[in-house]
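Asks: Here is the input, now give the coordinates:
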Amino acid sequence: MMGEDNLSKKKVKKKSNKNLSRNNSNIEVKKEKVFTKERVISAVIAIFLIFTLILSLSSCMGTVSLEKSAKLLAEYYVKHDQAALRKLGASSETAKEGIETEKEERKKEIQSSFARAGVEASDEQLEKIYKAQIKAIKKVTITTDTVSEDGDTAEVKVSMNYIDVEAIDEAAAEEAFKDIEEGQSNSDELKKECLEKYVDNIVKGLEEAKPSTEKNEAIFTFEKGAMSWMPEEMELFTEGIDSLMIK
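Replies: Numbering: from 1, shown residues only. Okay, here's the model as predicted:
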């Protein structure tokens, strides 16, 4: 069992700072980050909000417990586990639509990272990076515990280890650019060559990544619905989960 010193704690509240990400991008190609805490979540939020309405109108199943509700939502958001959302009453179509929407938004974000470095990745390269990201993040372990409960409102703690993507990204960039000599012309051909090396390196690093031994944790407010518990503010929940899954 892990001691208190190994846990990074936070409490996610209403009206808190919603910019939980760090902007890790720099001008130089070799310093550009592809997998950061920045994520485009607005489209996924829309899916979740629709799903919330579905839950509030449905009573065909027994109420899912607080801890299980929080874990299933986190498993869906982090690991793209469609079965988790279906256990909360969502249709297969709703679960799939949320994942597909998030996938496209994330690939756009990756391409934007490359664009800031003056290069453009192919669809095949974007797909490889995306799949490697998901493969890495699926290795984390998510646990939930009730902090307090008062009628139809409760607080639940979500704990999760993480993937050290900062180290993976740095290693991939350094390896891709290690043979470039100082003052060498920054030609399109050189950029393309470095991009190919970088993609191969970061994919390999993500696929071989192991989750941390330490954990991050956050506390969220949930409200009881017709058949499950749901976050009081879905956007704060997804932002908070984002902050837990990567170092």
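Asks: Residue ranges in the chain under the pLDDT threshold?
Replies: 1-62, 181-186 (pLDDT under 70).
Asks: What are the boundaries of the strands in it?
Replies: 7-11, 142-150, 153-160, 215-224, 229-231 (DSSP state E).
Asks: I'd like to know which elements the longest helix seen in the chain is packed against.
Replies: Under DSSP state H, the helix in the chain containing the largest number of residues is helix 92-116. Under the contact definition 3 or more CB pairs under 8 Å, 6 or more residues apart in numbering; DSSP states H and E, helix 92-116 sits against helix 42-57, helix 82-86, helix 123-137. (C-beta placed from N, C-alpha, C; glycine too.)
Asks: how far is stretch 113-125 from where the chain is centred?
Replies: Centroid separation between stretch 113-125 and its chain, computed with CA atoms, centre = their mean, to the nearest Å, is 20 Å.
Asks: Repeat that for stretch 193-206.
Replies: 20 Å.
Asks: Could you list the buried residues of it?
Replies: By neighbour count on 16 or more other CB atoms under 10 Å, the buried set for stretch 193-206 is 194-195, 197-199, 201-203, 205-206.
Asks: circling back to that earlier point, now do the longest helix of the chain against helix 123-137, angle only.
Replies: Comparing the axes of helix 92-116 and helix 123-137 via axes from the mean of the first three to the mean of the last three CA atoms, to 10 degrees yields an angle of 110 degrees.
Asks: show me the contacts for the closest residue to Lys103 other than its chain neighbours.
Replies: Once flanking residues are discounted, Lys103 sits nearest to Tyr130: 6.5 Å by CB to CB, 6 or more residues apart in numbering. Tyr130 sits next to 103, 106-107, 110 when contact means CB atoms under 8 Å, 6 or more residues apart in numbering.
Asks: Next, find the distance separating Tyr130 from Phe177.
Replies: Tyr130 sits 23 Å away from Phe177, going by CB to CB, to the nearest Å.
Asks: One more: Gln111?
Replies: As judged by CB to CB, Gln111 and Phe177 stand 20 Å apart.
Asks: Val78 too?
Replies: For Val78 relative to Phe177 (CB to CB), the value is 31 Å.
Asks: More neighbours: which of these two?
Replies: With neighbours defined as other CB atoms under 10 Å, Val78 and Phe177 compare such that Val78 has more, 21 against 16.
Asks: wouldn't that one be in contact with Lys139 here?
Replies: No - at 10.5 Å, Val78 does not count as touching Lys139 under the criterion of CB atoms under 8 Å.
Asks: what comes up buried for the longest helix of the chain?
Replies: Neighbour counts over helix 92-116 (16+ other CB under 10 Å) mark 94-95, 97-99, 101-103, 106-107, 110-111, 113-114 as buried.
Asks: try stretch 222-238
Replies: Applying 16+ other CB under 10 Å to stretch 222-238 flags 222, 224-225, 227-234, 236-238 as buried.
Asks: For these, which two are the farthest from each other?
Replies: Greatest spatial distance among these (CB to CB): Met227 and Leu236, at 21.9 Å.
Asks: Alright, that wraps it up for me.
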